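1. Could you look at this predicted model? Sequence included:
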Amino acid sequence: MRNTIIHKTVNQLQTDHLPLPTHSRRAKPPAAKNFSALRGLKTEKAISSKFTEIVNGKNGAGSLFPGFKVALSENRSDPGDKQRPKVDGALYVEGEAPTDGRPLWEKMRMLIDFKRGGQKNDPYDGNMGAASTDDLQKVLGQIADCTANTFEHGHRVAIYLLLINGTKARMTLWDRSGSIYTDAFDYVKQPEILRDLLWRFSLLDTRQQGLDPTVAAVSPEEHELMDALAAESPSDLSDEEGTEVPPRAPDDPPYVFAYVRKMFGDSLNPNWVRWKTCMESRDGRREFLAGMPQFIMSGLVCRGTRGYVAYDCNDKRFVWLKDTWRPDYPRVQPEGDVMEILAAAGVRNIPTLVCHGDTGHATQTPLYAKCTRANNLQKRQHADPLPNNAKSFASDSVAGIKRRRMEMAPPNLDDPFSEELKIRPLTHYRLVVEEVCHPLQDFTCGRDLVTVVRDALIVHEDAANKADLLHRDVSIGNILIYPRVVTREDGTCYVSRCGLLSDWELAKKIHVDSHANAGQSGPRRPERTGTWQFISVFSLNHPLEPMTIADDIESFFYILLYCGLRYMRHNCDNVPFFLTSFFDSYIPKGETLYCGGTKREAIRLGKIILEDEEELVFVNKDDSYHLLDCIISDILPWIHARYVRSARPSKVRPPRPGRSGASRKKASNTSQQESLTEEDAQKVSRHADVIEVLNDTLTEVWPTDDKVRDQAVGPLSSVAVPASNGGVEERPAKRRAINPVEPAAEADNTQQRKGRGLVRELLNRARRSGRRRGAALAKQVV
């Protein structure tokens, strides 16, 4: 797992990150405080109370630095956060500090974590920041947990955290790429070091202190406007398919769907600050009003993506605003640039771009990361297409959770980011589109699901044929349901639900011009991202190979299968277990992860076998075959044929004595492979063949009540995917609700355990993992 923590001396941190302003360079710092009263204190509470008293001064007099105040909150949590996170204390601007003992995450200027002293409470002690024991891992997890909550609840580009461990202290700086920490110093013996750090911090402007200057709390007038916009209106439209809509004159305001206004209203949580975000566009300055995000990517060292239903103050309409930290590598285009290319090429059913751009903030830790020149990298051997024993990780929502697979191609020495970077450079980026959509999971029935996926597949075909672009991240979180108003030939209007394909940031040219791209043949980024659960078996097992149309089409198949398992009727009795086994399992080989056993076996056999050895079947209420089953039965053999036809020949060994049965079985398998034609294998590489299957099935009569409650809600649904820089990213989930369960330890699925014994093992690990939120966050930063 890559190390994302960097060591600096106190002087280096002061020089690089706490510079004295020009007007203060001749100013004298305040007198150092006497912290000798903290000697001998054994509890965190005693240490925090005495430290706060000394720093703040009695009744505010004699503060270590005027204008700021330390407030403690170790005993109470934020009432608006279901996770109930706590932080020992924080530095606030005087007048903004809470008085009720609760944390105000959006107002904090610096976090303070108190420990009772000793090496086991200092995660940075010893091996350059690597927390190698359970105790150190736990402490680092607590620190990471507090820091992640600060990023989630406010708009920040970085956050400082002061670790007080008995009479020792360290200053740390966190951003979305990693962390910087200083040497420990004894602030009782050397109080001037702590004084200088805090004094210098107090002189920084808000941006240097880590706050995002492009975002501000709304004014009272804007607050009232947001309340008015959230109120129901009789003119709001239903998003039900076929709803008749009155025609709109050119000067009339845009249509507003009732679900969009409700989403905006629900975001106005009284426990969440309302923000105004400013963006520069080609048309000038734009302002957007937003409340609580609809989803937040959980984790600390990650892209921190958040999605908002926002109000566009310029165009007077609701829009979707995406706030993220995009990988900043040469030759990697921002998502908005890709969307402009798609729109210019005439690609249908993509989100309509309003504006996009970098905010001007980039993570600082990569600038100080030590890069190792990979001159002697040995290219890894390709994994066997169908490897054996596997491990697994599980999640209640897999939408957008990313698993990165290292690409070990030789580095491009002209590209500074083609080396084995320890820390990824990220740039703060925002993108606004017109469409506020439903997630795919909100489909109303099976026909609606297949229609939306079919539409997204058409978008994918358009992008390949018209723009020569491959999406490379087809997942359940990137296919959206959008109800649009369609005008008939007679001028009347109605609502039609369609599918959009979004999140084009990983898109890449299918055909590369070798002359135009001379000297740029290496990978565009040191790591490759994708949504693990929906990546093709081939791509999971061949990390060095470029993704193809067939790989993305295979991802569409897995999306239909996943949604069917969760929301349709079938013969699978233990859906949480099977989802974990099929979509989340993996095989570790060195630092690289490969496809898990259940998905691999389904592709090898050409059928999906459940834990009770029965084949998966989708059914109607009367137990007759459901039309989704027909789609699965049509497409899965094509995927199977692709792998069988391309499988490498295995070494031929003479049969062992007395094993004639095994020989006959092998011969039978060979005959089955020969019966699969090259045409079958090619069908999964052609959009038209798959779209034809979906279109033909949509002409049939579908039941309208075939969607059932979410069957993934069960004991395993509280287990989440390991996150961030060691191998999983994005998007807690990329499309998760606020306050989800955070990443936890992975479940083991490798041995020959079967049936209920394996279920009990996974359930026990799932229950234990729910208590390890902080520990999992610690693992992602070491």
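-> Received the coordinates, thanks. Everything numeric in this text was worked out from a predicted model, so none of it was measured.
2. Show me the strands in the stretch 401-550 of the chain, by range?
-> In the stretch 401-550 of the chain, the strands defined using DSSP state E, counting those that start in this stretch lie at 402-403, 405-406, 426-433, 438-439, 469-470, 479-487, 493-501, 508-509, 527-528.
3. Mean neighbour count, the ones you listed: which tops it?
-> Most buried of the strands of the stretch 401-550 of the chain, by mean neighbour count (mean count of other C-beta atoms under 10 Å): strand 402-403, with a mean of 25. In short, each C-beta sits where N, CA and C put it, glycine included.
4. before we move on, what SS does the residue nearest to Leu104 when sequence neighbours are not counted have?
-> Nearest residue to Leu104 in three dimensions, chain neighbours excluded: Pro98, at 4.9 Å (C-beta to C-beta, 6 or more residues apart in numbering). What DSSP: H, G, I helix; E, B strand; the rest coil gives for Pro98 is coil.
5. check contacts around the closest residue to Val452 other than its chain neighbours.
-> Distances taken as C-beta to C-beta, 6+ apart put Gly499 closest to Val452, at 3.4 Å, once the chain neighbours are dropped. Residues in contact with Gly499, defined by C-beta atoms under 8 Å, 6 or more residues apart in numbering, are 349, 440, 451-456, 459, 479-482.
6. From those residues, which one has the minimum pLDDT?
-> When those are compared on pLDDT, Asn349 comes out lowest, with 95.
7. tell me which element that residue falls in.
-> Using DSSP states H and E, Asn349 falls within no helix or strand.
8. try Leu628
-> helix 627-646.
9. Show me which residues of that helix are buried.
-> Residues of helix 627-646 classed as buried by neighbour count (16 or more other C-beta atoms under 10 Å): 627-629, 631-644.
10. Same check on stretch 65-74?
-> The neighbour-count check on stretch 65-74 (16+ other C-beta under 10 Å) flags 65, 68-74 as buried.
11. and the residue nearest to Glu434 when sequence neighbours are not counted, backbone torsions?
-> What sits nearest to Glu434 in space, not counting adjacent residues and going by C-beta to C-beta, 6+ apart, is Thr352, at 4.1 Å. Backbone torsions of Thr352, given as degrees, to the nearest 10, read phi -90, psi 120.
12. And Tyr259, by the same measure?
-> According to degrees, to the nearest 10, Tyr259 has phi -70, psi -30.
13. Identify the bridge partners of Val309.
-> Trp320 (DSSP bridges).
14. circling back: from the buried residues of stretch 65-74, which single one is nearest Arg686?
-> The closest of the buried residues of stretch 65-74 to Arg686 turns out to be Ser73 (C-beta to C-beta; 59.0 Å).
15. what about the closest one, distance to Val87?
-> Ser73 sits at a distance of 6 Å from Val87 (criterion: C-beta to C-beta, to the nearest Å).
16. any residues in contact with both of these two?
-> Pro103.
17. by contact count, what packs against the helix holding Leu628?
-> The elements that helix 627-646 packs onto, with contact taken as 3 or more C-beta pairs under 8 Å, 6 or more residues apart in numbering; DSSP states H and E, are helix 446-466, helix 537-541, helix 549-567, helix 597-605, helix 660-675, helix 678-683, helix 687-698.
18. Where among the ones you listed is average confidence lowest?
-> Among the helices and strands packed on helix 627-646, helix 660-675 scores lowest, with a mean of 43.
19. Let me know which of the strands of the stretch 401-550 of the chain is the nearest to Lys50.
-> strand 426-433 (38.6 Å).
20. Show me the contact partners of the closest one.
-> 157, 175-177, 212, 277, 279, 286, 288, 303, 310, 312, 319-328, 334-336, 351-363, 366, 502.
21. Next, count neighbours for the closest residue in space to Leu13 that isn't next to it in sequence.
-> Counting by C-beta to C-beta, 6+ apart, Thr182 is the residue found nearest to Leu13 once chain neighbours are left out, at 5.2 Å. Applying other C-beta atoms under 10 Å, we find 22 residues neighbouring Thr182.
22. With the one 5 residues further on instead?
-> When neighbours are counted by other C-beta under 10 Å, Tyr187 registers 23.
23. Tell me how far it lies from Asp490.
-> Tyr187 is 79 Å from Asp490, by C-beta to C-beta.
24. average model confidence for the helix holding Leu628?
-> Summarised as a single mean, pLDDT over helix 627-646 is 93.
25. for stretch 178-189, same thing?
-> 95.
26. Now it - C-alpha only, PDB.
-> This file holds the C-alpha atoms of stretch 178-189, laid out as PDB (Å, rounded to 0.1, in the frame of the first residue of the first chain):
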ATOM      1  CA  GLY A 178      -1.900  12.900   1.800                       C
ATOM      2  CA  SER A 179      -0.400  14.400   4.900                       C
ATOM      3  CA  ILE A 180       2.700  16.200   6.200                       C
ATOM      4  CA  TYR A 181       3.900  15.800   9.800                       C
ATOM      5  CA  THR A 182       6.700  17.400  11.800                       C
ATOM      6  CA  ASP A 183       9.100  16.100  14.300                       C
ATOM      7  CA  ALA A 184       7.700  15.700  17.800                       C
ATOM      8  CA  PHE A 185       8.900  18.400  20.200                       C
ATOM      9  CA  ASP A 186       8.500  18.900  23.900                       C
ATOM     10  CA  TYR A 187       6.300  22.000  24.200                       C
ATOM     11  CA  VAL A 188       6.800  22.200  28.000                       C
ATOM     12  CA  LYS A 189      10.600  22.500  27.600                       C
END
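27. Distance from the chain centre to it, please.
-> Offset of stretch 178-189 from its chain centre (C-alpha atoms, centre = their mean, to the nearest Å): 31 Å.
28. ditto for stretch 27-46
-> 41 Å.
29. One more: stretch 302-320?
-> Using C-alpha atoms, centre = their mean, the offset of stretch 302-320 from its chain centre is 18 Å.
30. do stretch 572-582 as well
-> 23 Å.
31. And that stretch, what's buried?
-> 572, 574-582.
32. rewinding a little: how close does the residue nearest to Val452 get to Asn695?
-> Distance, Gly499 to Asn695, by C-beta to C-beta: 14 Å.
33. same thing with Ile479?
-> Where Asn695 is concerned, Ile479 sits at a distance of 17 Å (C-beta to C-beta).
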